[in-house]
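could you look at this predicted model? Sequence included:
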Amino acid sequence: MATAETESDFTECIEACEEALHSCQECAAHDIREGGHDDMGACALLNLDCADICAATLQALARRSPHHGDFCALCAHLCRACASECGKHADTHEHCARCQQACEACAAACQKHASERHPS
């Protein structure tokens, strides 16, 4: 690892990934139930992609994978994209506002670990 990561860094990132995972799942479920809105379909798909990478990142962090930085880099990227998409609907959909906040927090936490990428 390039820098020393503390246990609290891992804990913060794990908790942020858990929160984003659950928020993305909730947001996608609401988007799907609302149906009929073309713009919500894109939001739901991005939420599902983001939830998947949050779950995988959570597992990589929990087992202290030497590749956790690679997971975190992708997770930060998708969380930023998801936060941006949910931000388009945050004024009218509370679940999107919650998801936006959770994804922004997860992106920030994961970005700290993204520099810990495993050398090829």
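Received it, and whenever you're ready, just let me know what you need.

does the residue positioned nearest the centre of the chain sit in a helix, a strand or a coil?
The centre of the chain sits closest to residue 79, judged by CA atoms, centre = their mean, with a distance of 4.0 Å. Look at residue 79: counting by DSSP: H, G, I helix; E, B strand; the rest coil, its state is helix.

and it, what does it touch?
The contact partners of residue 79, taken as CB atoms under 8 Å, 6 or more residues apart in numbering, are 20, 50, 54, 103, 104, 106, 107, 110. C-beta: built from backbone N, CA, C; applies to glycine.

nearest residue to the fifth one in space, please, no chain neighbours.
Read it as residue 104. What sits nearest to residue 104 in space, not counting adjacent residues and going by CB to CB, 6 or more residues apart in numbering, is residue 83, at 4.7 Å.

shaky segments in this protein?
Along the chain, segments meeting pLDDT under 70 span 1-5, 36-38, 116-120.

drop anything exposed from the contacts of residue 79.
20, 50, 54, 103, 104, 106, 107, 110 (16 or more other CB atoms under 10 Å).
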